[in-house]
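**Student:** Predicted model, plus sequence, below.
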Amino acid sequence: MVRPILSAADMREAEALAIAAGTTETELMERAGRALAEAVRLYIGPRPTLILCGPGNNGGDGYIAARHLQDAGYPVRVAALADPAQDTAKWARGRWNGAVEPFENCEAAPIVIDCLFGTGLSRGLETFVAKRLQSLVDRALIAVACDLPSGVASDDGALLSQVGTYDLTLTFGALKPAHRLMPAMGRMGRVVLADIGIEASNRWFEIGRPKLPPLDPAGHKYNRGLVHCLAGEMPGAIALAASAAARAGAGYVRVSTSRTIDGLPSSVVQTGGADMKDEHIGCILVGPGLGDVPQVLTLALTSTAPKVIDADGIGLIGEPERMHGQDAILTPHDGEFAKLFGGIEGSKPERALEAAKKSQSVIVYKGPDTLVAAPDGRLGFAPPAPAWLASAGTGDVLAGMIAAMRARGMDSFEAACAAVWLHGRAAEAAGPAMIADDLVEAIPQALS
């Protein structure tokens, strides 16, 4: 299931459309507050609970949640940073019949729910407020954020002031970019999305389990997909990529190499030639272990076949416009991205989309918060993956997996998204002691 992602501006527009269609602002707030209370109830049983309310609608959600948690038997206290400043929040405050303590001297509690500030925050919290909030979060058994932890920038995941680490974040209608962007993503804990009746565009979304092409019972190795890999100066990297392509379901994997590469599966064919006009090629993979061999990249670009360009190959492209007319997927990490695209400004999503437009290619912008961007504006955010993926060779494995998905006939954007999701799940299966070779061996578990 794909979960939509909306920027702060797009979320405001979606809420306005829901209101124009007949849902009142108070009804939306009631749904959000009730969903927040239900999430807490499902996550942890009745314990003393402190709800911290800000002056805006995030605080309004907190007052509603307080009422529902109290009805469910939770001992609830509410502490306010300031009086409600908006009519809907005032309405919600009026429906809470308990006391309201001042935020500055409230006592800690086993459950703390942060409803101070949510989507749209543009500046950091006052130092006292940030320190006090973090102290309450740190001392809680369970810390819950309403929409976003206070102090997080919704659209780029920046920490505008010090932010504690939460156990659960509940958001409404759609995920926000910060839920899947570093450094904020590391503070969220489990992220839960509540449906409150808002329609959200799915052009930005969290990448979910892919729907892979079915195998043709009458098929053969070529129509299942031939991945042709081009070797360079460091054969180990292309060996990992080719092995991953084979494990990820390519019907045939071939490596052009001037010397025998040890450690490749016997099913991977090693050849001294490289006919780029071979009509059987479903995808060309170039870049892993390539080194400073620009003529190999040039050879790949003479082909009309789809291609994945990774690692050293990205650094040899020169100008993004060189990729125009190529059916290509580029897989840069931060350093490679900067080398090819220079100083594109903006958030990581904005930079990824601009790079896709400049190159007319699908961009897999790698990192702990990997993004997949298409020239037409589609943007996939990777779900959280294990931290142990940050080891040598795992990017080569991802490149091979993408090439396999593309060779199997998937659209470039969908192939990249599918491989990113499977890559993370294979890492989970491989476990924290894995090396890149183990990741390759875990691909069948992810596929199953």
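**Tutor:** Right, received. Where do you want to start?

**Student:** So which residues of the stretch 301-448 of the chain form helices?
**Tutor:** 312-315, 334-341, 348-359, 394-407, 412-430, 436-447 (DSSP state H, counting those that start in this stretch).

**Student:** So, low pLDDT: which residues of the stretch 101-250 of the chain?
**Tutor:** The stretch 101-250 of the chain contains no residues with pLDDT under 70.

**Student:** ok, back up a step: out of the helices of the stretch 301-448 of the chain, deepest packed?
**Tutor:** helix 394-407 (a mean of 31; mean count of other C-beta atoms under 10 Å). Any C-beta I mention is one placed from the backbone N, CA and C, and that applies to glycine too.

**Student:** That one packs against which elements?
**Tutor:** Applying 3 or more C-beta pairs under 8 Å, 6 or more residues apart in numbering; DSSP states H and E, one finds that helix 394-407 contacts strand 226-230, helix 235-247, strand 281-286, strand 307-310, strand 328-331, helix 412-430, helix 436-447.

**Student:** And the helices of the stretch 301-448 of the chain: which comes nearest Ala92?
**Tutor:** Among those, helix 348-359 comes nearest to Ala92, with 31.9 Å by C-beta to C-beta.

**Student:** how about the helices and strands packed on helix 394-407, which one is nearest Leu170?
**Tutor:** helix 412-430 (22.8 Å).

**Student:** and Thr271, which of the helices and strands packed on helix 394-407 is closest to it?
**Tutor:** strand 226-230 (9.1 Å).

**Student:** As CSV, the helices of the stretch 301-448 of the chain with distance to Gly208 and mean pLDDT would be great.
**Tutor:** Converted to CSV, the helices of the stretch 301-448 of the chain look like this (distance: least, C-beta to C-beta, whole Å; pLDDT from 0 to 100):
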stretch, distance to Gly208, mean pLDDT
helix 312-315, 27, 98
helix 334-341, 25, 98
helix 348-359, 18, 98
helix 394-407, 15, 98
helix 412-430, 7, 98
helix 436-447, 14, 98
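
**Student:** nearest to Thr23, of those?
**Tutor:** Nearest of those (C-beta to C-beta): helix 348-359, 28.2 Å.

**Student:** list the contacts for the closest residue to Ala436 other than its chain neighbours?
**Tutor:** Spatial nearest neighbour of Ala436, excluding adjacent residues (C-beta to C-beta, 6 or more residues apart in numbering): Gly393 at 2.9 Å. For Gly393, the residues meeting the contact criterion (C-beta atoms under 8 Å, 6 or more residues apart in numbering) are Gly236, Ala237, Leu240, Ile435, Ala436, Asp437, Leu439.

**Student:** Pro265 now?
**Tutor:** If you count contacts by C-beta under 8 Å, 6+ apart, then Pro265 has Ser243, Ala246 around it.

**Student:** Give me the phi and psi for it.
**Tutor:** phi -60, psi 150 (degrees, to the nearest 10).

**Student:** For it, give its distance to Lys90.
**Tutor:** As judged by C-beta to C-beta, to the nearest Å, Pro265 and Lys90 stand 67 Å apart.

**Student:** And for Pro149?
**Tutor:** 24 Å.

**Student:** So these two - more neighbours on which side?
**Tutor:** Neighbours were counted for Pro149 and for Lys90 using other C-beta atoms under 10 Å; Pro149 has more, 27 against 14.

**Student:** which SS class is the more buried one?
**Tutor:** coil (DSSP: H, G, I helix; E, B strand; the rest coil).

**Student:** thought it was touching Gly186?
**Tutor:** No - taking contacts as C-beta atoms under 8 Å, Pro149 lies outside contact range of Gly186: 10.6 Å.

**Student:** First-to-last residue distance for stretch 356-368?
**Tutor:** 20 Å (C-alpha to C-alpha, to the nearest Å).

**Student:** Contacts for it, please.
**Tutor:** 182, 185-186, 320-321, 323-326, 328-334, 337, 340-341, 344, 348, 351-352, 355, 370-375, 385, 387, 390, 395, 398, 402, 412-413, 416, 420.

**Student:** Return the distance of that stretch from the chain's centre.
**Tutor:** Relative to the chain's own centre, stretch 356-368 is displaced by 14 Å; criterion: C-alpha atoms, centre = their mean, to the nearest Å.
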